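# Predicted model and sequence follow; I will ask about them next.
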Amino acid sequence: MRLDPDNIILKKIGKAADESGFRIYVVGGYVRDLILGIRDNDIDIMVLGDGIKFAELISEKFNRPLDAVYKNFATALLNTDGYKIEFASARKESYSRNSRKPEVESAGLIEDLSRRDFTINAIALGLNEDNYGMLTDNFNGYRDIQDKIIRTPLDPLKTFEDDPLRIMRAVRFAAKLNFTIDENAFDAIKKMKNRLTEDKVVSQERITNEFLQILMTDKPSAGLDLLFRSGVMDVIFPEISALAGVEQRKEYHHKDVFYHTLIVVDNISMKTENLWLRFAALVHDIAKPLTKKFIDGTGWTFHGHEELGARMMKKIFIRMKLPMNRLEYVEKLVRMHLRPIPLAKENVTDSAFRRLAAEAGNELEDLLMLCRADITSKNPDKVNRFMNNYALVEKMVMEVQAKDELRNFQSPVRGNEIMEICGLKEGREVGIIKSKIEEAILEGEIKNDYEEAKKYLLDIKDEMLSSFAKNKSKQTAKIKSSRS
Ligand code: ATP
Ligand code: MG
């Protein structure tokens with residue numbers, strides 16, 4: 001099979017390979033995505049022979065320095081024309097049981113393809129003139145892409161044992177591409193899942209990186225459910241798998257907290273690309289298993305789960321090596337995720353809205369988005385009613401804030417100018433005039449702008465000054481009479 005990668009960079013690199021006698025191929029994600037019709041800016045080039053030497057040759061030809069050279073892995077990186085190109089020598093790898101760092105040995109094309117994680121990533125596309133666009137596909141990757149299936153080129157047990165990170169990658173590709181994981185591979189994942197955290201074979205950063213990528217897919221529930229059903233969630237995020245089997249109130253008994261959470265995450269992912277808001281949705285009920293209590297007549301209750309959930313975050317952030325500067329944000333959303341609910345009634349005081357807005361601060365919008373995503377009822381009337389409630393809360397908060405803004409506002413004509421225009425010294429009288437202007441604005445007599453306020457000041461100036469003068473003479477008269 002031959003494809004036509006219509007890409008000038010690839011053509012140039014191919015030509016350079018012909019001139020220098022190298023045999024080279026594009027491999028991995030670029031080829032997979034080309035077949036799927038997805039554009040990709042990461043290009044992996046496999047070189048038969050010395051990959052670094054070929055990279056240096058290209059670097060000279062393109063007149064761009066290499067961005068990195070990794071001698072141990074016989075790879076080099078070049079960024080050019082918006083592409084990230086990685087050159088690597090074809091190799092086979094053997095793993096020792098306690099490390100996923102392979103010992104690298106040079107190899108031929110097929111050997112190199114066979115050590116790759118999945119058949120869909122193990123297709124090579126020729127770049128030399130005699131085979132430009134030709135696919136080498138010994139493991140039927142092309143067919144698996146058509147069939148939307150994730151399969152390993154060799155024995156899946158050995159594949160996942162050699163490098164357990166591939167477990168996470170399998171789920172990530174399945175989730176992102178909407179593919180299924182082949183049954184044998186899925187069984188092998190179930191058997192090998194504990195390797196992910198055993199003996200520090202895989203770093204927590206890499207596991208977390210894959211996990212967060214799964215959370216950033218269009219419909220994260222697919223990947224999260226795969227992690228759960230394979231048992232991988234137990235290993236990497238046990239607090240989330242503990243949500244399964246926790247029943248909600250009676251009327252919800254068909255839907256445990258885990259599946260409720262998946263819907264919430266999907267709901268919010270339709271609205272936002274904010275990873276940490278998605279993460280907050282994932283963990284918002286995380287303390288439900290720990291706070292669960294059955295109360296006769298009421299059913300299951302989860303008192304304080306929002307507070308306990310917020311307090312659980314720090315340990316989880318540390319363990320999963322999540323960025324600590326996002327901790328406070330996630331804590332706040334978890335802690336406050338029930339707060340707007342009781343405000344969606346009539347006769348709620350302004351100060352209740354003011355407190356919600358003040359506590360949520362800049363996160364108010366995200367909080368309300370989380371609240372809306374948290375509505376997972378299947379009854380459309382209920383959904384409508386709850387949605388309208390939040391719209392009401394939003395409206396009320398905005399109204400209270402608008403009022404507050406007016407309350408805290410200042411006369412657009414400031415004290416100094418009042419003193420100048422009225423020939424007054426600093427003192428009580430300036431304040432009285434200022435309040436008079438502000439009152440006129442609040443009463444709607446004039447607009448809240450400088451020109452109108454100044455004109456108003458000029459209008460009232462004489463009257464105000466003469467009333468001050470009258471007051472003064474009254475006072476002096478009083479003082480005089482009190483003396484005599
Ligand atoms: P994407 O860039 O979308 O994540 P990709 O398939 O390009 O997908 P990379 O991590 O860029 O993934 O790796 C490039 C190629 O290297 C893969 O397609 C695969 O063939 C191979 N590869 C990467 N990681 C592994 C691994 N852990 N085990 C085996 N092969 C791997
Ligand atoms: Mg890639």
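Yes, it's here. Ligands and ions are numbered 1, 2, ... in the order given.

# Return the nearest residue of the stretch 251-400 of the chain with respect to ligand 1.
residue 275 (16.4 Å; CB to the nearest ligand atom). C-beta here means a position set from N, CA and C on the backbone, and glycine is covered the same way.

# Tell me who's in contact with that residue.
Residue 275 makes contact with 212, 215, 216, according to CB atoms under 8 Å, 6 or more residues apart in numbering.

# With adjacent residues omitted, what lies nearest to the first one?
What that stands for is residue 212. residue 275 (6.2 Å; CB to CB, 6 or more residues apart in numbering).

# Quick check: phi and psi on that neighbour?
Note on residue 275: its backbone torsions stand at phi -50, psi -40 [degrees, to the nearest 10].

# tell me the pLDDT at it?
For residue 275, the pLDDT comes out at 98.

# Can you give me the distance of it to residue 218?
Here residue 275 is placed at a distance of 14 Å from residue 218 (CB to CB, to the nearest Å).

# returning to that earlier point: got a ChimeraX select line for the buried ones in the contacts of residue 275?
Selection of the buried residues among the contacts of residue 275 in ChimeraX, burial being defined by 16 or more other CB atoms under 10 Å:
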select :212,215,216
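
# Centroid-nearest residue for this protein?
residue 275 (0.9 Å; CA atoms, centre = their mean).

# What's the separation between that one and residue 369?
14 Å.

# Can you verify my assumption that residue 397 contacts residue 353?
Yes - Residue 397 lies in contact with residue 353 (CB atoms under 8 Å); the separation is 4.9 Å.

# Quick check, the residue in the stretch 201-350 of the chain closest to ligand 2?
Nearest residue of the stretch 201-350 of the chain to ligand 2 (CB to the ion) works out as residue 213 at 12.0 Å.

# Spatially, which residue comes closest to that residue, not counting chain neighbours?
Using CB to CB, 6+ apart, the closest residue to residue 213 is residue 172 (5.3 Å).

# ok, now which ones touch the one you found?
Per CB under 8 Å, 6+ apart, neighbours of residue 172: 210, 213, 214, 217, 223.

# Now for the closest residue to residue 164 other than its chain neighbours, how many residues are close by?
Ranked by CB to CB, 6+ apart and with sequence neighbours excluded, the top spatial neighbour of residue 164 is residue 195, at 4.0 Å. By other CB atoms under 10 Å, the residues close to residue 195 number 20.

# Which parts of this structure belong to which domain?
For the chain, the structural domains run 1-147, 237-339+346-403, 415-483, going by automatic domain parsing.

# what's the closest of those domains to ligand 2?
domain 1-147 (3.6 Å).

# ok, and does the closest one reach over to ligand 1?
Yes - Domain 1-147 comes into contact with ligand 1 (CB under 6 Å from any ligand atom), by way of 28, 29, 42, 44, 116, 117, 121, 122.

# Tell me the one of those nearest residue 316?
Closest to residue 316 out of the residues of domain 1-147 next to ligand 1 is residue 117 (27.9 Å), distances taken as CB to CB.

# re the thing from before, adding pLDDT, neighbour count and distance to residue 432, write the contacts of residue 172 out as CSV.
Below are the contacts of residue 172 laid out as CSV (pLDDT from 0 to 100; neighbours: other CB atoms under 10 Å; distance: CB to CB, whole Å):
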residue, pLDDT, neighbour count, distance to residue 432
210, 98, 23, 68
213, 98, 19, 64
214, 98, 21, 65
217, 97, 18, 64
223, 97, 23, 67
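
# Please flag which of these sit within helices.
Mapping the contacts of residue 172 onto helices (DSSP state H) picks out 210, 213, 214, 223.

# Export these to CSV and append columns for distance to residue 89.
Converted to CSV, the ones in helices among the contacts of residue 172 look like this (distance: CB to CB, whole Å):
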residue, distance to residue 89
210, 26
213, 27
214, 31
223, 33
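
# so where's the protein uncertain?
94-106, 246-255, 407, 482-484 (pLDDT under 70).

# in the longest helix seen in it, what's buried?
Secondary structure assigned by DSSP H gives helix 450-483 as the longest helix of the chain. Across helix 450-483, burial judged by 16+ other CB under 10 Å covers 452, 453, 454, 456, 457, 460, 464, 468.
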